[in-house]
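> what would the 3D arrangement of this be:
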Amino acid sequence: MQGDALALEVLQRVGFYLGVALANVVNLLNPEMIVIGGGVANGWSLFADELKRQVAERAFPVPAAQVPAILADVLDARAAVPIKPAARDQERRGVRLPRPATSVDASPA
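Predicted structure coming up:
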């Protein structure tokens, strides 16, 4: 692998810290998959091995072995996001998911 040594080291650290964070997501939420998108996905091949190594070392063994980390189909997707199974299935069928309310009604019932 050729290139700027500092840039390659930075991407290895990206893989390390993103892997640590995603291991915590796997442990807490047990997602079916993790989709990597946005600008970080452009360097996927340079940090994916380190990311996967950290998830394998830090997450519970069974969920870590079952959850794939994949690239988004559209690379300008927002970020690394765990996807709930129901939401994923609805999006595949083209169903729009409702957005949460942005205000709270504080009036007494």
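
> V10: which element?
Assigned by DSSP states H and E, V10 belongs to helix 5-29.

> packing partners of the helix or strand following that helix?
Downstream of helix 5-29, the first helix or strand assigned by DSSP H and E is strand 34-36. The contact analysis (3 or more CB pairs under 8 Å, 6 or more residues apart in numbering; DSSP states H and E) places strand 34-36 against helix 5-29, strand 69-71, strand 81-82. Bear in mind the C-beta positions are built from the backbone N, C-alpha and C, glycine included.

> could I get the average pLDDT for the helix holding V10?
Helix 5-29 shows a mean pLDDT of 94.

> contacts for it next, please.
For helix 5-29, contacts defined as CB atoms under 8 Å, 6 or more residues apart in numbering pick out 1, 31, 34, 40, 43, 46-55, 57-60, 63-64, 67, 69, 80, 82.

> including mean neighbour count, could the helices and strands packed on strand 34-36 go into CSV?
Formatted as CSV, those follow (neighbours: other CB atoms under 10 Å):
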stretch, mean neighbour count
helix 5-29, 16
strand 69-71, 16
strand 81-82, 16
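
> list the beta-bridge partners for the nearest residue to W44 once chain neighbours are set aside.
Leaving aside its chain neighbours, W44 sits nearest to L71 (5.7 Å; criterion: CB to CB, 6 or more residues apart in numbering). Going by DSSP bridges, L71 is paired in beta bridges with I36.

> L71 and F60: what is the separation?
Separation of L71 from F60 (CB to CB, to the nearest Å): 24 Å.

> same check, this time on G38
27 Å.

> who has more neighbours out of those two?
G38 (15 against 11; other CB atoms under 10 Å).

> what's the weakest-modelled helix or strand in this protein?
Least confident helix or strand of the chain, by mean pLDDT, DSSP states H and E, is strand 81-82 with a mean of 52.

> fine by me, we can end here.
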